[in-house]
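Asker: Okay, predicted coordinates and the sequence, questions at the end:
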Amino acid sequence: MAFNQITLNPSGIVRLLGAMAFFLVLASIVGQLSLYLTGPDHIDTLIQLFYIDAERNFPTIFSTLLLLFASLLLLAITLVERRRAGSAVSDWALLSLGFLCMAADEGWQFHERLMKPMYRLLGVENLGIFYFPWVIPGIALVLVLGLYFSKFLLHLPAKTRRNFLLAGTLYIGGAVGVELITGRYADVNGMYNLTYSMLATVEESLEMAGAIVFIRALLAYIVDNYREVRLRFGAFGPGNR
């Protein structure tokens, strides 16, 4: 059975993803400005379709697909690396599974199910930066995973390691860092105002940027290390070196 060769163009793919993210962020900002400055109730549904902090709309679908794409790229690397003695195959596989779980969470917001149990556990009314209390187990998870993958990161090529760290900083900075700031603001001023929506836009924009930087790093890693990827019966293998 003949192989089907897949040629990757990392720059073109990243430019396309960046342009799509920029359009969605811009559409969200324009919609929120229109909503809070002019109050066009007749187009509220359209605004919600593009509001970057809403659920199950265009930005949510895009963010979910970004994470799913990253998971598939990690799976491709896993299947290639398993043929290399001494490669950290399990770490690549775990990353692939992790991004698949992140994609599912992005699409269905599973982490929000932690909100009520955390409220009951904390037993306080004014949570401040922990207004969205899922960030508490989230921070713990980030620390544990950071320690676990530290050795893996050290063994990556320097360029890949830098890009992975940049992607993680952007994504976690948005998902956790800005979320803490947004939580503090929401605790005092509520969630239905222009300032909150702009803070939420910054948060989600950083998450998109982090995912795109990570995808760029994965594509560059594949190109630098494998030159080409060939597909047969759904399985990836290294191309001719």
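Answerer: That came in fine, so what should we check first? Numbering: from 1, shown residues only.
Asker: What sits closest to the residue nearest to the spatial centre of the chain if chain neighbours are left out?
Answerer: Centroid check for the chain by Cα atoms, centre = their mean gives residue 211 as the closest residue, at 4.4 Å. In this structure, residue 211 finds its nearest non-sequential neighbour in residue 66, 4.1 Å apart by Cβ to Cβ, 6 or more residues apart in numbering. Every C-beta, even on glycine, is put in place using the N, C-alpha and C of the backbone.
Asker: if we can go back for a sec, could you list the buried residues of the strand or helix carrying the residue nearest to the centre of the chain?
Answerer: Using DSSP states H and E, residue 211 falls within helix 194-226. For helix 194-226, a neighbour-count test (16 or more other Cβ atoms under 10 Å) marks 196-222, 226 as buried.
Asker: Just the mean pLDDT for it, thanks.
Answerer: Helix 194-226 carries an average pLDDT of 95.
Asker: Report all helices and strands that that helix contacts.
Answerer: On a contact count with 3 or more Cβ pairs under 8 Å, 6 or more residues apart in numbering; DSSP states H and E, helix 194-226 meets helix 10-37, helix 58-81, helix 158-172, helix 179-189.
Asker: could I get the last one in PDB with only the CA atoms?
Answerer: When you say that, I think you mean helix 179-189. Coordinates of the C-alpha atoms in helix 179-189 are reproduced here as PDB (Å, rounded to 0.1, in the frame of the first residue of the first chain):
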ATOM      1  CA  GLU A 179      -8.900  34.800  35.400                       C
ATOM      2  CA  LEU A 180      -7.800  35.700  39.000                       C
ATOM      3  CA  ILE A 181      -7.900  39.400  38.000                       C
ATOM      4  CA  THR A 182     -11.300  39.000  36.300                       C
ATOM      5  CA  GLY A 183     -12.600  37.100  39.300                       C
ATOM      6  CA  ARG A 184     -11.600  39.900  41.700                       C
ATOM      7  CA  TYR A 185     -13.400  42.400  39.400                       C
ATOM      8  CA  ALA A 186     -16.500  40.300  39.000                       C
ATOM      9  CA  ASP A 187     -16.700  39.800  42.800                       C
ATOM     10  CA  VAL A 188     -17.000  43.600  43.300                       C
ATOM     11  CA  ASN A 189     -18.700  44.800  40.100                       C
END
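Asker: quick one: contacts of it?
Answerer: 126-132, 135, 195-196, 199-200, 203 (Cβ atoms under 8 Å, 6 or more residues apart in numbering).
Asker: do that again at 6 Å, thanks
Answerer: The contact list for helix 179-189 (Cβ atoms under 6 Å, 6 or more residues apart in numbering) reads 128-129, 131-132, 135, 196, 199-200, 203.
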